[in-house]
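# here is a sequence with its predicted model. Questions after.
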Amino acid sequence: MTTLPPPIRAYRTLGPELLEDLRRSGYQRIALQVPAGLSMSARSYAEEITRATGASVVLVARACFGACDPPARAEVPGAEALVALGHAPIPNMPVSMPMYLAEMRLGKADPARVAETLVAAHLPSRLGLVASIQHLDDLSPVIEALGARGIEAQIARGPPRLAYPGQALGCNYSSATALEEKVDGFVFLGTGRFHPLGLALSVERPVWALDPLQMLLEGPFDRQGMINRRLLEIERAMDAKVWGVLVSSLAGQSRGALARRLVGKAEARGREAMVITFDRLFPADLLGRGVDAYVSTACPRIATDDGSSYDRPILTPPEFLSAIGERPLMPYLFDAFP
Ligand code: SF4
């Protein structure tokens, strides 16, 4: 078990240790939040918690994107604690009730096969590794297996938003950027393209992704192509006279002070700007607002991954600063959430 400053506690799985911790705390009502991928099992997890603790469980139905969006107290009336599955804690996020995270780690990779796959693909001999929380336990054995095959692989810490060395979070790849000068490429261990794409925007080194269960290697990702698409969005927003500054009310996505600074910057450049708040954002929410372009201070992936679903350009804060002439367009800066 990893103990973090109260009231956030993290466990590898929803196992006896976590359940016993809940039982000893004597909660009568517990909120349970599960990511979309585990929603089919939510009921059985709730029953397991009730069986072990005697507490009743309130299931949070709204979609959950990460550890950054725990339910506010008003969403779970009467709940004394929250159990959240599938995410690592965000140590510097304020929480409104005790939060117990079951990270649902897998750690099932075969390190020799992973290393041989990377060697066979002729990757650089100095590699930085990052992993999703589910595969974080694979990092050390893979580093050892790579070392035995002549590849020097490293991981680094990325506090304060990241809880673990080598951890990848879609809004913060500081565990990789901390290594950038020491390596010639990065490998992400995990599934899907969400993390490798964010990583590729964050580092000026080639990025590969290896699914350690399917043993599928992808990459290097087209960083320049991604940047070019972002530059087009910035260009589309350069003449915007009225800006909407988006602020999320979710605990781990809220940057109100930054939003106010950006309003000041826009006004200093002769533009109008207004703050627009939301919890979850849908393209229809921004229709007909009389706004020419948006800058999002919430999850940076709203702009970089979902921006094309909106009818006006949505930029990240560094992109916004480029659009109004406050910073050069290049080098491209990923909006790493602090
Ligand atoms: S801010 Fe975005 S990328 Fe970061 S944890 Fe939340 S959903 Fe994931």
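That came through fine. Given the structure is predicted, the values throughout are model-derived calculations rather than measurements. Numbering: from 1, shown residues only.
# which bits of the stretch 51-200 of the chain sit near the ligand?
The stretch 51-200 of the chain comes close to the ligand at residues 65-66, 68, 169-171, as judged by Cβ under 6 Å from any ligand atom. Bear in mind the C-beta positions are built from the backbone N, C-alpha and C, glycine included.
# any idea how the chain splits into domains?
2-102, 111-221, 224-323 (automatic domain parsing).
# off-centre distance for the last one?
Relative to the centre of its chain, domain 224-323 is centred 18 Å away, using Cα atoms, centre = their mean, to the nearest Å.
# the second one too?
Taking Cα atoms, centre = their mean, one finds domain 111-221 lying 16 Å from the centre of the chain it belongs to.
# tell me how far the ends of that domain are from each other?
23 Å (Cα to Cα, to the nearest Å).
# give me the nearest residue to P196, chain neighbours excluded.
Nearest residue to P196 in three dimensions, chain neighbours excluded: A209, at 3.8 Å (Cβ to Cβ, 6 or more residues apart in numbering).
# E267: how many residues sit nearby?
Per other Cβ atoms under 10 Å, the neighbour tally for E267 reads 12.
# mind listing what it touches?
Neighbouring residues of E267 by Cβ atoms under 8 Å, 6 or more residues apart in numbering: A273.
# of all the residues of the stretch 51-200 of the chain next to the ligand, which two lie farthest apart?
F65 and L169 (11.2 Å; Cβ to Cβ).
# which of those two has more neighbours?
Neighbours were counted for F65 and for L169 using other Cβ under 10 Å; L169 has more, 27 against 19.
# and that one, how far from A148?
Computed as Cβ to Cβ, to the nearest Å, the L169 to A148 distance reads 30 Å.
# how many neighbours does D222 have?
Quick note: D222 (other Cβ under 10 Å) scores 13 neighbours.
# what about the nearest residue to it once chain neighbours are set aside, how many residues nearby?
Excluding its sequence neighbours, the residue lying closest to D222 (Cβ to Cβ, 6+ apart) is A200, at 7.8 Å. Neighbourhood size, A200 [other Cβ under 10 Å]: 28.
# so who does the most centrally placed residue in the chain touch?
The centroid of the chain falls nearest to G170 when counting by Cα atoms, centre = their mean (3.0 Å). The contact partners of G170, by Cβ under 8 Å, 6+ apart, come to 66, 194-195, 198, 299-301.
# again, only using 6 Å
194, 198, 301 (Cβ atoms under 6 Å, 6 or more residues apart in numbering).
# so how far is L232 from the first one?
Spelled out, that is F194. 21 Å.
# between the two, who's got more neighbours?
More crowded of F194 and L232, by other Cβ under 10 Å: F194, with 16 against 11.
# beyond the host helix or strand of the residue nearest to D222, next helix or strand please.
According to DSSP states H and E, A200 maps onto helix 194-202. With elements assigned by DSSP H and E, the helix or strand that comes after helix 194-202 is strand 207-211.
# that next one pairs with which strands, parallel or anti?
When pairing is defined by DSSP bridges, strand 207-211 lines up against strand 185-189 (parallel), strand 216-218 (antiparallel).
# name the helix or strand for the spatially most distant residue from the centre of the chain, please.
Among residues of the chain, the one most distant from the C-alpha centroid is G270; the distance is 33.8 Å, by Cα atoms, centre = their mean. If you go by DSSP H and E, G270 is not part of any helix or strand.
# spit out the contact partners of it.
So G270 contacts nothing (Cβ under 6 Å, 6+ apart).
# and it, how close does it get to R261?
In terms of Cβ to Cβ, G270 sits 17 Å off from R261.
# could you do E17 as well?
43 Å.
# just list the residues touching A240, thanks.
Contacts of A240 by Cβ under 6 Å, 6+ apart are 292-293.
# helix, strand or coil for it?
Three-state assignment for A240 (DSSP: H, G, I helix; E, B strand; the rest coil): coil.
# what pLDDT does the model give it?
Listed pLDDT for A240 reads 98.
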